[in-house]
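> Structure of the sequence below:
(2 chains)
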Amino acid sequence: MTSALDITQAVKPPRAVFVNFPLGHQTGRPDDPAIQRHIVRDAMRAFETIATPGDIVRLPYVWDPADRTWETRDYTKGWMPERPSRDAADLAEAERVAKYTK
Amino acid sequence: MPVAYIPRTRELYSDFTPYRWVVNETLPWTPLRKPIAQAKIALMSSGGIMYRGQPRFHHEDASYRQIPKNAAREDLYVWHFGYPTADAEKDPNCVFPLERMRELEAEHIIGELSDPAFSFMGGIYSSRKVRDELAPQIVDELKRAHVDAFYLVPA
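Numbering: from 1, shown residues only, chains lettered A, B, ... in the order given. Model prediction:
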């Protein structure tokens, strides 16, 4: 898959599939197995249909027909939500590791 | 309109030296040797997925993780600084469609899903590091597993 069309056009992988979704969602919306399946299924099909090296198949799915503001906002200053504090992140990390260490 | 990430990156990081993007003039091409329904396919994601207690990723990290193909969703975790990870943490299939690939295998739409799947953290500034350190290790894994194709999902 590719989530950044312009970067991929410069890199030129042999085969790529693109859907115009925000970063972090290139194989679909969370808890929406139907759209995820559509995208992954289309990608598997593209293995067989892409005949010209470097072709990028563009899928027709729309992230949210009612709200396209992400297209203007993403990857501009301040677009990322605030991350947890280092202490909070380290604590969550310690809990995760402890959970699996018996 | 698809987002133009190159100009936006330049703007977002305008305090830094402009990034030198990889531009390739030629590209490799291997024809598919068998139909996808008979092919063994490896899944990988640069979204920063970890399994159970595997170490967290960090900046400029060229390491990768092996994720068992039958991993349960509650045993998958995410670390990445370059994209909002809340949705991937809720449902890793957004960037790492392991459950969907398992289904396609069960339905014989793909021949086989390779075990393990792989993940790394794509926020690596040095393209040389990716080319010379990360990529060869992944290639070795794929050769060892005798896969026919790999499906790389970026964040």
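
> Count residues in the vicinity of the nearest residue to B:N70 once chain neighbours are set aside, would you?
Nearest residue to B:N70 in three dimensions, chain neighbours excluded: B:R102, at 7.3 Å (Cβ to Cβ, 6 or more residues apart in numbering or on different chains). All C-beta spots, glycine's among them, are computed from the backbone N, C-alpha and C. Residues near B:R102, counting by other Cβ atoms under 10 Å in any protein chain shown, number 17.

> quick check: longest helix of chain A.
Among the segments of chain A that qualify as a helix by DSSP state H, the longest is helix A:33-49.

> and stretch A:19-27, anywhere near chain B?
Yes. Counting by Cβ under 8 Å from any Cβ of the partner chain, chain B has neighbours in stretch A:19-27: A:20, A:23-27.

> where exactly do the strands run in chain B?
B:40-45, B:49-51, B:64-67, B:76-78, B:112-113, B:117-120, B:149-153 (DSSP state E).

> pull the CA atoms of stretch B:78-89 into CSV?
Written as CSV, here are the backbone C-alpha positions of stretch B:78-89 (Å, rounded to 0.1, in the frame of the first residue of the first chain):
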residue,chain,number,x,y,z
VAL,B,78,1.5,0.3,18.8
TRP,B,79,4.4,2.7,19.2
HIS,B,80,5.0,5.4,16.5
PHE,B,81,5.5,9.1,16.8
GLY,B,82,4.7,10.1,13.2
TYR,B,83,0.9,9.4,13.0
PRO,B,84,-2.0,9.6,15.4
THR,B,85,-2.0,6.0,16.7
ALA,B,86,-5.3,6.0,18.7
ASP,B,87,-7.3,4.2,15.9
ALA,B,88,-4.5,1.6,15.3
GLU,B,89,-4.3,1.0,19.1
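
> how about it: buried residues?
B:78-80, B:82-85, B:87-88 (16 or more other Cβ atoms under 10 Å in any protein chain shown).

> Likewise for stretch A:14-25?
Applying 16+ other Cβ under 10 Å to stretch A:14-25 flags A:15-25 as buried.

> returning to that earlier point: between the buried residues of stretch B:78-89, which is nearest A:P33?
B:D87 (13.8 Å; Cβ to Cβ).

> what about the strands in chain A?
For chain A, the strands defined by DSSP E cover A:15-18, A:55-58.
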